[in-house]
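Student: I need the structure of the sequence given here:
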Amino acid sequence: MEPADPGHKSGGGINNKTDPVETKLHTAVCSGKVTLAAAQEAIATDWTTALSKLGLT
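Tutor: Take a look at the predicted model:
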């Protein structure tokens, strides 16, 4: 489990800003929309653009 973002308050919603991106990538990989390698490369390069790079936005 990843640590929460700095300043995150308990019960304040998403613990880590990358969580929604990771969830969407996980779903896309499992459904066959993108390969695991493509998802890994996109998030490792720049997690803020990973979804748009893969056409998942």
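
Student: Check which helices and strands the longest helix seen in the chain is in contact with.
Tutor: Secondary structure of the chain per DSSP state H: the longest helix is helix 19-30. For helix 19-30, the elements it packs on are helix 36-45, helix 50-53, judged by 3 or more C-beta pairs under 8 Å, 6 or more residues apart in numbering; DSSP states H and E. Where you see a C-beta, it was placed from the backbone N, CA and C, and this is true even at glycine.

Student: any low-confidence regions in this structure?
Tutor: 1-2 (pLDDT under 70).

Student: out of everything not next to it in sequence, what's closest to Ala50?
Tutor: Ala42 (3.9 Å; C-beta to C-beta, 6 or more residues apart in numbering).

Student: surely the one you found meets Ser52?
Tutor: No - counting by C-beta atoms under 8 Å, Ala42 stays clear of Ser52, with 9.1 Å between them.

Student: Counting neighbours around each, name which of the two comes out higher.
Tutor: With other C-beta atoms under 10 Å as the criterion, Ala42 and Ser52 differ in neighbour count, and Ala42 comes out ahead with 20 against 11.

Student: circling back: select, out of the helices and strands packed on helix 19-30, the one closest to Lys24.
Tutor: Among the helices and strands packed on helix 19-30, the nearest to Lys24 by C-beta to C-beta is helix 50-53 (5.9 Å).

Student: follow-up on the earlier one: quick one: contacts for the residue nearest to Ala50?
Tutor: Applying C-beta atoms under 8 Å, 6 or more residues apart in numbering, one finds that Ala42 lies in contact with 25, 49-51, 53-54.

Student: Just the buried ones from these, in PyMOL syntax?
Tutor: Selecting the buried subset of these in PyMOL, with 16 or more other C-beta atoms under 10 Å as the burial test, is done by:
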select buried, resi 25+50+51+53+54
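
Student: Make a markdown table out of the contacts of Ala42 and add distance to Ala38.
Tutor: Below are the contacts of Ala42 laid out as a markdown table (distance: C-beta to C-beta, whole Å):
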| residue | distance to Ala38 |
| --- | --- |
| Leu25 | 9 |
| Thr49 | 13 |
| Ala50 | 10 |
| Leu51 | 12 |
| Lys53 | 9 |
| Leu54 | 6 |
